[in-house]
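Peer 1: have a look; sequence and predicted model below, questions after that.
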Amino acid sequence: MKKITTKLFITTFTVLFYSCLISLNIGCSNNEKDEEKSIIDFGISDISDITENSVVINADFKSNGKQNVLSRGICIAMQTNPTINDMKHEENGNVLGQYNSKFENLQHDTKFYARPYLKTESKIIYGNEHTFTTKKINIPTLTTIAVSEITQLSAVFNGKIENDGASKILSKGFFYSKTNPMPEVKDQKIENTGNSEFSNLVSGLEQNTKYFVRTFASNLAGTAYGQVVSFTTSAYILPTVKTLPISTISETTGIGGGTVVSEGSNPVVERGICWNTAPNPTINYGKSKDGTGMGSFVSNLRSLQPFQLYYIRAYAISQAGIAYGETVTAKTTGGNKPTVTVSARTGNTTLYSTVSVTNQGSTNVTAISIGCFDMDGNPAGKVSSSSSWTIGSTLPSVNYEITGLSRANKYYVIGYATNDVGKSASEKVYFSTL
């Protein structure tokens, strides 16, 4: 703190001298006998509250020396003899007494020059010059503390300002990256408005991923960085689920279930069974929803097709993803056998016949055959030849030649076709040999 008082004694001689040099008229007479009427008394009385970027300067206007003072003020600069063209604070009026000015946004660790001044109608009068130096500051020092509360998608970043560098902290927080081992401005940034010990919950991270993080803090001197620390987010662990055997099956429905043995890293939000006619069924096809969490559950299979083999497995869903149990199979009941016809054309002791499938039924025909019988139902004749056919053909047919029949005798034939559902027979077709 500085206390300064400046008095300017303006005698008759001084006034006349300056009047001749710069044509300034203070309005005094050579016959002035009362010297007190010529005294202007003002000056800086106190310089206080000096920080790195501000100062408060007080001045005392004790006497105007009978001058018509229009305004009073204080000016400062980084060079000697500051003027009103530099940084200034000014008050209007011919008012005696204390006046003060607070100067802000100054450069730190810098010497400044200050002078009070008065404005009259004809001139500017400056008081004695004084100096002050703003405080020296440094960039902050800070520490990056180990990351805490790490999950799959979030973590808490921690930091501490060890020293503010004798200057107000303007901003602070964290830089972090999963690719840059020295995170900086171009990377992801989280700001903090807390105290010297500060933390931020950071979400939106990727699971099972390594990240680099460090603190930053800025004051008027610049930006400082803490050391880099790294951490790895937790990996998701899928639930463990078991598929139970199918207990009941019909043409279009069934009953099964499963057990969630473990939820893994996250709670199970949906569980059930899924099914398809192809191996490894997923929830994108038929499925049931049977609760949440751990434990056993019973599931209903619906909208099945008759006489169809289904693949079934249990599933459980959590934030970690979808887990499936082992696959079990079950075949619905019902279904249709093939539809078949037979024709007959005879000779003396030979039958020429064709067995035709007109509808395969629920599955492909796997076998085609023929039977020839006498009127007592006993097998007759012998199949001496037959044409070929291919399993999977849409409507296959086979030509047969049956020999060894008796002349002028009556017989009948039956055609047969088999699929996975069973074996079907045609109507009897009667014929007589010649």
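Peer 2: Right, received. Where do you want to start?

Peer 1: next structured bit after the worst-scoring helix or strand of the chain on mean pLDDT?
Peer 2: Ranked by mean pLDDT, DSSP states H and E, the weakest helix or strand in the chain is helix 12-22, scoring a mean of 32. The C-terminal neighbour of helix 12-22 among helices and strands, as given by DSSP states H and E, is strand 39-48.

Peer 1: now for that following strand, which elements pack on it?
Peer 2: Under the contact criterion of 3 or more C-beta pairs under 8 Å, 6 or more residues apart in numbering; DSSP states H and E, strand 39-48 touches strand 7-9, strand 55-64, strand 111-120, strand 130-133. In short, each C-beta sits where N, CA and C put it, glycine included.

Peer 1: so for residue 321, which of those strands sits nearest?
Peer 2: Residue 321 sits nearest to strand 55-64 of all these, at 63.7 Å, using C-beta to C-beta.

Peer 1: next, the buried residues of that closest one.
Peer 2: Across strand 55-64, burial judged by 16 or more other C-beta atoms under 10 Å covers 55, 57-64.

Peer 1: any idea how far the residue nearest to the spatial centre of the chain is from residue 178?
Peer 2: Geometric centre of the chain, nearest residue: residue 204, 3.5 Å, by C-alpha atoms, centre = their mean. Separation of residue 204 from residue 178 (C-beta to C-beta, to the nearest Å) stands at 12 Å.

Peer 1: do the same with residue 212
Peer 2: With C-beta to C-beta as the criterion, residue 212 and residue 178 are 7 Å apart.

Peer 1: got it, and residue 93?
Peer 2: 65 Å.

Peer 1: more neighbours, these two?
Peer 2: residue 178 (16 against 10; other C-beta atoms under 10 Å).

Peer 1: next up, the contacts around that one.
Peer 2: Shown in contact with residue 178 (C-beta atoms under 8 Å, 6 or more residues apart in numbering): 206, 209-212.

Peer 1: mind doing that once more with 10 Å?
Peer 2: 187-188, 205-206, 209-212, 230, 232-233 (C-beta atoms under 10 Å, 6 or more residues apart in numbering).

Peer 1: one more: residue 256?
Peer 2: The contact partners of residue 256, taken as C-beta under 10 Å, 6+ apart, are 243-249, 272-273, 275, 288, 297-301, 310, 312-314, 328, 330.

Peer 1: what's the mean pLDDT across whichever helix or strand residue 216 is part of?
Peer 2: Assigned by DSSP H and E, residue 216 belongs to strand 210-219. Averaging pLDDT along strand 210-219 gives 97.

Peer 1: what residues does the helix or strand following it touch?
Peer 2: Next helix or strand after strand 210-219 toward the C-terminus (DSSP H and E): strand 222-225. Contacts with strand 222-225, where a contact means C-beta under 10 Å, 6+ apart, come from 137-142, 144, 161-163, 165, 167, 170-172, 175, 182-185, 214-218.

Peer 1: from the residues you listed, keep the buried residues only.
Peer 2: Here, 16+ other C-beta under 10 Å leaves 137-140, 142, 144, 161, 165, 167, 172, 175, 183, 214-218 buried among the contacts of strand 222-225.

Peer 1: which of the residues you listed fall within helices?
Peer 2: The helices, defined by DSSP state H, take in nothing from these.

Peer 1: neighbours around residue 193, how many?
Peer 2: 8.

Peer 1: what ranges does the stretch 201-350 of the chain have for its strands?
Peer 2: 210-219, 222-225, 229-232, 240-249, 254-262, 270-276, 286-287, 295-301, 309-318, 321-324, 328-331, 339-346 (DSSP state E, counting those that start in this stretch).

Peer 1: hmm, back to that, closest one to residue 410 among the helices and strands packed on strand 39-48?
Peer 2: Taking these one by one with C-beta to C-beta, strand 55-64 is closest: 134.9 Å.

Peer 1: what angle separates the closest one from strand 39-48?
Peer 2: 160 degrees (axes from the mean of the first three to the mean of the last three C-alpha atoms, to 10 degrees).

Peer 1: helices or strands up against strand 55-64?
Peer 2: strand 7-9, strand 39-48, strand 69-77, strand 87-92, strand 97-103, strand 111-120, strand 130-133 (3 or more C-beta pairs under 10 Å, 6 or more residues apart in numbering; DSSP states H and E).

Peer 1: could the ones you listed go into TSV alongside mean neighbour count and mean pLDDT?
Peer 2: Shown next, in TSV, are these (neighbours: other C-beta atoms under 10 Å; pLDDT from 0 to 100):
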stretch	mean neighbour count	mean pLDDT
strand 7-9	14	38
strand 39-48	19	94
strand 69-77	20	96
strand 87-92	15	96
strand 97-103	15	94
strand 111-120	21	96
strand 130-133	15	98
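
Peer 1: adding distance to residue 306, write these out as a markdown table.
Peer 2: Below are the helices and strands packed on strand 55-64 laid out as a markdown table (distance: least, C-beta to C-beta, whole Å):
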| stretch | distance to residue 306 |
| --- | --- |
| strand 7-9 | 118 |
| strand 39-48 | 99 |
| strand 69-77 | 99 |
| strand 87-92 | 96 |
| strand 97-103 | 93 |
| strand 111-120 | 98 |
| strand 130-133 | 98 |
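
Peer 1: can you list the domains in the chain?
Peer 2: For the chain, the structural domains run 7-133, 141-232, 240-331, 339-432, going by automatic domain parsing.

Peer 1: any idea how far the last one is from the chain center?
Peer 2: Taking C-alpha atoms, centre = their mean, to the nearest Å, one finds domain 339-432 lying 71 Å from the centre of the chain it belongs to.

Peer 1: with the third one instead?
Peer 2: Taking C-alpha atoms, centre = their mean, one finds the center of domain 240-331 at 31 Å from the center of the full chain.

Peer 1: equivalent analysis for the longest one, please.
Peer 2: In terms of C-alpha atoms, centre = their mean, the centre of domain 7-133 is found 63 Å from the chain centre.

Peer 1: who does the strand holding residue 216 touch, helix- and strand-wise?
Peer 2: Looks like strand 210-219 contacts strand 141-148, strand 155-163, strand 171-177, strand 188-191, strand 197-202, strand 222-225, strand 229-232 (3+ C-beta pairs under 10 Å, 6+ apart).
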